[in-house]
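K.L.:
prediction below, plus the sequence it came from.
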Amino acid sequence: MAQESETEPDLSATVFPAFIYIVAFITGAIVMSFEMLGSRYLNPYFGSGIYTWAALISTVLGALTAGYFLGGFLADRTVSATVLGTIVGLASLYLLVLPSFAEAILRFVSDVVDNVRLGSLYSALAIMFVPVALLGVYSPFAIRLVLRTTQHSGTVSGVVYGVSTAGSIVGTLGTTFFLIPLIGTRAITLLLGAAGLGCGVCLVGLDRIYLQRSAGKSMTGFLAFAVLVLACNDAWSAGLFDESVRARMLNQGDGRIAHIETEYNDIYVNKHGPLLSLTTRVRNELNFHSIVDLADPDALPVPYTRIMPVALLYPQTIQRILMVGLGAGSISTYLGRAMPDVQIDVVELDPGVIAAGRKYFGLQETDNVHFIESDGRIYLNRNNDLYDLILLDAYRELGVPFHLLTREFYTLVKNRLAPGGVMATNITGNTKLYLSTLATLRAVFPLVEVYPDWRDDGGAQSIIVAGPAASPGTEALMQRAVALQEQRHFRYPLSDLVGGRATEQSADGNEVLTDDFAPVNLYETMPLRRQKHG
């Protein structure tokens, strides 16, 4: 018995502070992760400008200030890990329920406050101040707890704040570099809440850990809870679009809904009956990028978007899809609803397009559908992930940016295809640029097949499917179409698209576009005499 009483203080003096420091690291990571995540909550309503970030940073600093004062006040009156664990647990519970009411608060503030600066500040305070202030209690309170077992106050203070700051760095980089591109905002918020709640539960059990040796049971409970939260992620995942947003837009009168000036585009949102369109204006010309039927989420009003899914027939299996170009999300929503088990990454250059999609079209990220703000070529250069299908539908100004049309770019796309994978691109089919694109694709891919839509002479579109393998042939494509249609139940039957394949398209004599030579702006103004197909 004497030996046990001699070893107990030594164990407490080492393990207890170590656990306090670990939780300091985790809470520091949660605070900064939540700050970075705050931009994902606010940007759809107030943009991603300097005012939004100023509001977020000021709110976090103000909340931490309040938390530090409160933590010091409480620590002088009670030295209890149970009290600290309860406070951390309350902050974490707030994070767990935040996704259920954040959107309502943000929409309310956006509707009531016209001033972007005040609106972003009020919104940041409303959704972020309380949990960050409660988490801010941790550091001064933790110092007081550790000082029960050691008298080195300067060292303890330095370690607690140093470890917490290190956690903040990890939380910042981990969230922006990994979590946001990997999972949705809702899932990250729940993950932060689960981690914080686990820390709170363990803090409450600290006294019992040393009095009753129940550390193993406490950790088991925490791990079980974490597994439960992660397992329930699918049940808590948001849908592909917010039905309340679309219902609200459906009740709006016809005409201009919004005009948004961004760094890259002059965006207009217009409504005609149940149809809501996202367009851009260049040189007084309106260019329709996407149209959504608010009353029918599976409808594809723009003809070429009904053809694009034909590319699904070429890969043997489809687990990951990359889309370059979001528009109003008509294609990503259509595919996501029919293929909920497939991961779809959507890369969009203009954050204003993403924000408009969220605010007016109700677009939402889910566990399997992610929006990535980036140039398509930069994303492929920096990301080595392989995709079974890559869909190119990026338009800026009056056409596709030249660097997304060259031999070097298509070679990069080819290198990012999984075995058996293909790419498909949407190209206007009534200019010389169409034939040069066809020639460029054939310089890179053995398989190049065209699915044209020639019904509109003024804006004829063509879907070109390209891949490193040989063509499956009409019979194999039809068999796959029937099987996939039976499995996925697409609104527009895939078998109807197979017959539209144009195999005799010739691009002989047309220039291959390269990074060095790509006169895209000239070629897209040169009309093309083409033959009727079908």
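P.N.:
Structure's in. What do you need?
K.L.:
quick one: the helices in the stretch 201-350 of the chain?
P.N.:
Using DSSP state H, counting those that start in this stretch, the helices of the stretch 201-350 of the chain run over 206-212, 215-231, 233-236, 243-250, 303-307, 330-338.
K.L.:
which of these comes out lowest on mean pLDDT?
P.N.:
For these, the stretch scoring lowest in mean pLDDT is helix 233-236; its value is a mean of 36.
K.L.:
how about the strands of the stretch 301-450 of the chain, start to end?
P.N.:
Secondary structure of the stretch 301-450 of the chain (DSSP state E, counting those that start in this stretch): strands located at 320-324, 343-348, 369-373, 387-392, 417-428, 447-453.
K.L.:
what does the stretch 1-150 of the chain give?
P.N.:
Using DSSP E, counting those that start in this stretch, the stretch 1-150 of the chain contains no strands.
K.L.:
got any ranges where it has weak pLDDT?
P.N.:
Counting by pLDDT under 70, the stretch 1-150 of the chain shows low-confidence ranges at 1-14, 44, 47-48, 148-150.
K.L.:
sorry, back to before: among the strands of the stretch 301-450 of the chain, which comes closest to residue 311?
P.N.:
Closest of the strands of the stretch 301-450 of the chain to residue 311 is strand 417-428, at 3.6 Å (criterion: Cβ to Cβ). To be clear about C-beta, it is placed using only N, CA and C from the backbone, and glycine gets the same treatment.
K.L.:
what's the closest one packed up against?
P.N.:
When contacts are defined as 3 or more Cβ pairs under 8 Å, 6 or more residues apart in numbering; DSSP states H and E, strand 417-428 sits against strand 387-392, helix 407-415, helix 432-444, strand 461-467.
K.L.:
relative to residue 141, which of those is closest?
P.N.:
Within those, the stretch nearest residue 141 is strand 387-392; the backing value is 47.8 Å (Cβ to Cβ).
K.L.:
what's that closest one in contact with?
P.N.:
Residues from elsewhere that reach strand 387-392, judged by Cβ atoms under 8 Å, 6 or more residues apart in numbering: 308, 311-312, 314-315, 317-325, 331, 345, 376, 400, 404, 413, 416-418, 420-426.
K.L.:
same deal with stretch 298-311?
P.N.:
With Cβ under 8 Å, 6+ apart as the test, stretch 298-311 has contacts from 275, 288, 290-293, 330-331, 334-335, 337-338, 389, 391, 393, 422-424, 426, 451, 453, 455-456, 461-463, 465, 490-492, 494, 497-498, 500.
K.L.:
what's the span of it, first residue to last?
P.N.:
This stretch, stretch 298-311, spans 18 Å end to end (Cα to Cα, to the nearest Å).
K.L.:
re earlier: so which of the strands of the stretch 301-450 of the chain gets nearest residue 356?
P.N.:
Set against residue 356 and scored by Cβ to Cβ, those come closest in strand 343-348, at 10.5 Å.
K.L.:
sorry, back to before: need the strands of the stretch 301-450 of the chain in JSON lines (columns: mean pLDDT, mean neighbour count and distance to residue 302).
P.N.:
Conversion of the strands of the stretch 301-450 of the chain to JSON lines gives the following (pLDDT from 0 to 100; neighbours: other Cβ atoms under 10 Å; distance: least, Cβ to Cβ, whole Å):
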{"stretch": "strand 320-324", "mean pLDDT": "96", "mean neighbour count": "25", "distance to residue 302": "15"}
{"stretch": "strand 343-348", "mean pLDDT": "95", "mean neighbour count": "23", "distance to residue 302": "17"}
{"stretch": "strand 369-373", "mean pLDDT": "93", "mean neighbour count": "21", "distance to residue 302": "20"}
{"stretch": "strand 387-392", "mean pLDDT": "96", "mean neighbour count": "25", "distance to residue 302": "14"}
{"stretch": "strand 417-428", "mean pLDDT": "93", "mean neighbour count": "22", "distance to residue 302": "10"}
{"stretch": "strand 447-453", "mean pLDDT": "89", "mean neighbour count": "21", "distance to residue 302": "10"}
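K.L.:
out of those strands, which gets nearest to residue 156?
P.N.:
Using Cβ to Cβ, the nearest of the strands of the stretch 301-450 of the chain to residue 156 is strand 369-373, at 41.7 Å.
K.L.:
how about the CA coordinates for that closest one, as CSV?
P.N.:
The C-alpha trace of strand 369-373 is given here as CSV (Å, rounded to 0.1, in the frame of the first residue of the first chain):
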residue,chain,number,x,y,z
VAL,A,369,-20.5,16.4,-53.8
HIS,A,370,-17.8,19.0,-53.2
PHE,A,371,-17.3,22.5,-54.7
ILE,A,372,-13.7,23.5,-55.2
GLU,A,373,-12.7,27.1,-55.9
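K.L.:
what's the local residue count around residue 240?
P.N.:
Using other Cβ atoms under 10 Å, residue 240 is surrounded by 22 other residues.
K.L.:
so that it lines up with my notes, have the first residue be 215 from now on.
P.N.:
With the count now opening at 215, the last piece we talked about shows up as residue 454.
K.L.:
mind checking pLDDT for it?
P.N.:
The per-residue confidence score, pLDDT, reads 90 for residue 454.
K.L.:
my guess is it meets residue 578, correct?
P.N.:
Yes - the pair formed by residue 454 and residue 578 meets the contact definition of Cβ atoms under 8 Å, at 6.2 Å.
K.L.:
looking at the strands of the stretch 515-664 of the chain, which is closest to residue 355?
P.N.:
The closest of these to residue 355 is strand 583-587. By Cβ to Cβ, the value is 37.4 Å.
K.L.:
ok and that closest one relative to helix 544-552, angle-wise?
P.N.:
Here strand 583-587 points in a direction 150 degrees away from that of helix 544-552 (axes from the mean of the first three to the mean of the last three Cα atoms, to 10 degrees).
K.L.:
for the closest residue to residue 271 other than its chain neighbours, give its distance to residue 584.
P.N.:
The shortest distance from residue 271 to any residue other than its chain neighbours is 7.4 Å, reached at residue 249 (Cβ to Cβ, 6 or more residues apart in numbering). In this structure, residue 249 lies at 20 Å from residue 584, with Cβ to Cβ, to the nearest Å as the measure.
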